[in-house]
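Undergrad: sharing a sequence plus its predicted fold:
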Amino acid sequence: MPDEGIFTPDQIRSLAASFQQSRVLLTAVELDLFTQLGRQLLTSSEAANKLGTDEHATDRLMNALVALGFLRKVHGKFYNTETAANYLVRGSAEFMGNLLHTNNMWNSWSTLTEAVHKGTSVHEFENLSSGNWLETFIDAMHYRAEREAKIISLMIDFTGVKKMLDVGGGSGAFSFEFVSKNPGMISVVFDLPEVIKLTKRYAEKYSLEEKIDYIEGDYLKDGFGTGCDLILLSQIVHINNYEQNKFLIKKCADALSNGGQIIIKDFVMNEDRTSPAIGALFALNMLVATECGDTFTEKEMKEWFEKAGIKKITRKNTSYGSDLIIGKK
């Protein structure tokens, strides 16, 4: 982005039209076009036959993907670039399944103007128990969390931690990494029943069933138990409003053993809420996608801890845009 908010007309036009490139890529991902190509060279007609799409339209889409650098075209046949083969072909080690969730986000972000009028999300989401929305969302979160967890695990003091509570733990990526690095520790993943079904699949994949327990429920309504040495809320507080988070942190404090710690991992905004930029944009993502979600400042997060009786509060910066706010009891 230009410095000091100085844009040329060409830059403004480019920014306004950038959705076109995004839509080309996301449509290809939605169609699973890169996977269908695999390591083959196919004409657009052959690709359309595999995809069940219109031949003319598929040709134009694939030409655009060549222009963007995701495909190559030789003698009328298309093939994946190295980038596409590495990251966009299902089954590859680095497959970016999180883009399927990004494609879902397209629909909610298209309602931004109306959401700004109404002050809350106006988008209708699929029922959690139907369709593949939830599975693609959890897969997207896992893709990111699996990588972040390796670094975050080095930033946390696990001394004396025997029991961890992973609130809204999703796929369990952080729990898996933490218990793997700390043999004497177990983790309890707390999430909705529909999510826990998916968590158990991931636990089986990593052969960690014996190190992971589960609680099914709503974190604003159901109990956490007691005796927790570490409670993690990774990318959770942005789903709620200020008062809900104050209540949630108090619940966590009540479930915490003396000397235990609560860790909020989330976007931490500066006081005028304009930085980090990813957090400012994510606040709009919460506007279009949730009833009352938002991003919060360090001051607000410290207030939640202090009102819960937790005074020892520190901040640790990560390289992921989101940071750690840690409170010890």
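TA: Nice, thanks for sending it over.
Undergrad: list the buried residues in the host helix or strand of N104.
TA: Assigned by DSSP states H and E, N104 falls within helix 98-109. For helix 98-109, the neighbour count (16 or more other Cβ atoms under 10 Å) marks N98, L99, L100, H101, T102, N103, N104, M105, S108, W109 as buried. C-beta coordinates here come from the backbone N, C-alpha and C atoms, glycine included.
Undergrad: also stretch 63-73?
TA: Across stretch 63-73, burial judged by 16+ other Cβ under 10 Å covers A64, L65, F70, L71, K73.
Undergrad: format these as TSV; extra columns: secondary structure, distance to E82 and pLDDT.
TA: Converted to TSV, the buried residues of stretch 63-73 look like this (DSSP: H, G, I helix; E, B strand; the rest coil; distance: Cβ to Cβ, whole Å; pLDDT from 0 to 100):
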residue	secondary structure	distance to E82	pLDDT
A64	helix	19	98
L65	helix	14	98
F70	coil	10	98
L71	strand	11	98
K73	strand	15	98
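Undergrad: CSV for the residues you listed, including distance to L192?
TA: Below are the buried residues of stretch 63-73 laid out as CSV (distance: Cβ to Cβ, whole Å):
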residue, distance to L192
A64, 39
L65, 37
F70, 36
L71, 39
K73, 45
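Undergrad: so which of those comes closest to K250?
TA: Using Cβ to Cβ, F70 is the member of these that lies nearest K250, at 48.4 Å.
Undergrad: quick one on the thing from earlier: from the contact counts, what lies against the helix or strand just after the helix holding N104?
TA: Heading C-terminal from helix 98-109, the first helix or strand you meet, by DSSP H and E, is helix 112-118. On a contact count with 3 or more Cβ pairs under 8 Å, 6 or more residues apart in numbering; DSSP states H and E, helix 112-118 meets helix 277-289.
Undergrad: now the helix it packs on: average pLDDT?
TA: Regarding helix 277-289, the rounded mean pLDDT is 96.
Undergrad: go on, stretch 221-240?
TA: The average pLDDT within stretch 221-240 is 97.
Undergrad: next: stretch 266-273.
TA: Rounded mean pLDDT across stretch 266-273 is 96.
Undergrad: same thing with stretch 296-309?
TA: For stretch 296-309, mean pLDDT rounds to 98.
Undergrad: would you mind measuring from the most far-flung residue of the chain relative to its centre to S171?
TA: The outermost residue of the chain, judged against the average C-alpha position, is H75 (40.3 Å), by Cα atoms, centre = their mean. Counting by Cβ to Cβ, to the nearest Å, the separation of H75 from S171 is 43 Å.
Undergrad: export stretch 133-152 as CSV, just CAs?
TA: C-alpha atoms of stretch 133-152 as CSV (Å, rounded to 0.1, in the frame of the first residue of the first chain):
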residue,chain,number,x,y,z
TRP,A,133,-19.1,-25.2,5.6
LEU,A,134,-18.0,-26.3,9.1
GLU,A,135,-15.5,-28.8,7.8
THR,A,136,-13.8,-26.3,5.4
PHE,A,137,-13.7,-23.7,8.2
ILE,A,138,-12.1,-26.1,10.7
ASP,A,139,-9.7,-27.3,8.0
ALA,A,140,-8.7,-23.7,7.3
MET,A,141,-8.1,-23.0,11.0
HIS,A,142,-6.1,-26.2,11.3
TYR,A,143,-3.9,-25.3,8.3
ARG,A,144,-2.9,-22.0,10.0
ALA,A,145,-2.8,-23.2,13.6
GLU,A,146,-0.6,-26.2,12.9
ARG,A,147,2.2,-24.0,11.7
GLU,A,148,1.7,-21.3,14.4
ALA,A,149,1.6,-23.8,17.2
LYS,A,150,5.2,-24.9,16.7
ILE,A,151,6.4,-21.3,17.3
ILE,A,152,3.9,-20.5,20.0
